[in-house]
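Chemist: What would the 3D arrangement of this be:
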Amino acid sequence: MERQRRLWRPIAQYLQRYVKPDGVTLDLGAGYCHFINEIRSGDKIAVDINPDNLLRWAAADVRQLVCAGADLSTIAANSVDTVFASNVYEHFQTREDVAASFTEVHRILKPGGRFLILQPNFAHCARQYFDFFDHRLIFTHLGMAEGLAVSGFRICKLVPQFLPYSSKSRLPSFPWLVATYLRMPLVWRIFGAQMLIVAKKAENSGVDGDATICR
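Modeler: Numbers count the residues shown, from 1 in each chain. Predicted coordinates for the structure are as follows:
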């Protein structure tokens, strides 16, 4: 667990560019809280369906909220600057639940708020995808982006191949190597099997004219 925490530090530092240091950040399906513990934010909220995860792993400055990702009704509308979801949606029971989660995230985000998704991309990890017993749903970067657009989000950045499939992958395996890897987008195309999507709450769905799509 300590190794994973150290590996997440450079990832959080990379993603910090999309997170307001003085804003409100919510980690959806926080699990071991690697992201929310490391990110700089004025107010930090960890959401997980398992209270044991939050009690054990959330840092002292992180608010804990036990609920399902498809029902964030205890969080006020237009109150969050950034929502982050890492390796969450493949565990949902149905695609309808995923759509409900997108709707809830859109509701709680402030206008212009960002939704960051780090997710296994079936298009680049099909052979290993079901090596994890609890993987239920399949998503590609195109399907995920379409679902977000239908839910009212504007896609600002779409990276089909970002991180390796899991922390058990050959690379990267050390924090310094993770940091180096994140500075080399060309290498992502070799080892990347997880997508990164940055979406923004907007009145009109679609893709920004200046969107960055990395293939």
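Chemist: Quick check: residue 155 touching residue 197?
Modeler: Yes: using C-beta atoms under 8 Å, residue 155 is in contact with residue 197, at 6.7 Å. Yep, even glycine has a C-beta here, placed from its N, CA and C like the rest.
Chemist: list the residues that contact both of those two?
Modeler: By C-beta atoms under 8 Å, 6 or more residues apart in numbering, residue 155 and residue 197 have these common neighbours: 145, 148.
Chemist: Low-confidence bits of the chain, can you list those?
Modeler: Applying pLDDT under 70 to the chain flags residues 1, 167-173, 203-215.
Chemist: What ranges does it have for its strands?
Modeler: For the chain, the strands defined by DSSP state E occupy 24-28, 43-48, 62-66, 80-86, 109-120, 153-163, 194-201, 206-213.
Chemist: how about those strands, which one is nearest residue 54?
Modeler: With C-beta to C-beta as the measure, strand 62-66 is the member of the strands of the chain nearest residue 54 (4.1 Å).
Chemist: Tell me, how many residues neighbour residue 64?
Modeler: Neighbour count of residue 64, defined by other C-beta atoms under 10 Å: 16.
Chemist: same thing with residue 55?
Modeler: Quick note: residue 55 (other C-beta under 10 Å) scores 11 neighbours.
Chemist: Quickly list what the nearest residue to it once chain neighbours are set aside is bridged to.
Modeler: Closest residue to residue 55 apart from its sequence neighbours, by C-beta to C-beta, 6 or more residues apart in numbering: residue 64 at 7.3 Å. Beta-bridge partners of residue 64, counted by DSSP bridges, are residue 46.
Chemist: Report the contact partners of residue 64.
Modeler: Applying C-beta under 8 Å, 6+ apart, we find residue 64 in contact with 45-46, 51, 54-55, 58.
Chemist: separation between residue 122 and residue 140?
Modeler: For residue 122, the distance to residue 140 equals 5 Å [C-beta to C-beta, to the nearest Å].
Chemist: Which one's more surrounded, the two?
Modeler: The neighbour comparison of residue 122 against residue 140 (other C-beta under 10 Å) goes to residue 122, with 20 against 17.
Chemist: ok, residue 5 touching residue 34?
Modeler: Yes: when contacts are counted by C-beta under 8 Å, residue 5 is listed as touching residue 34 (5.7 Å).
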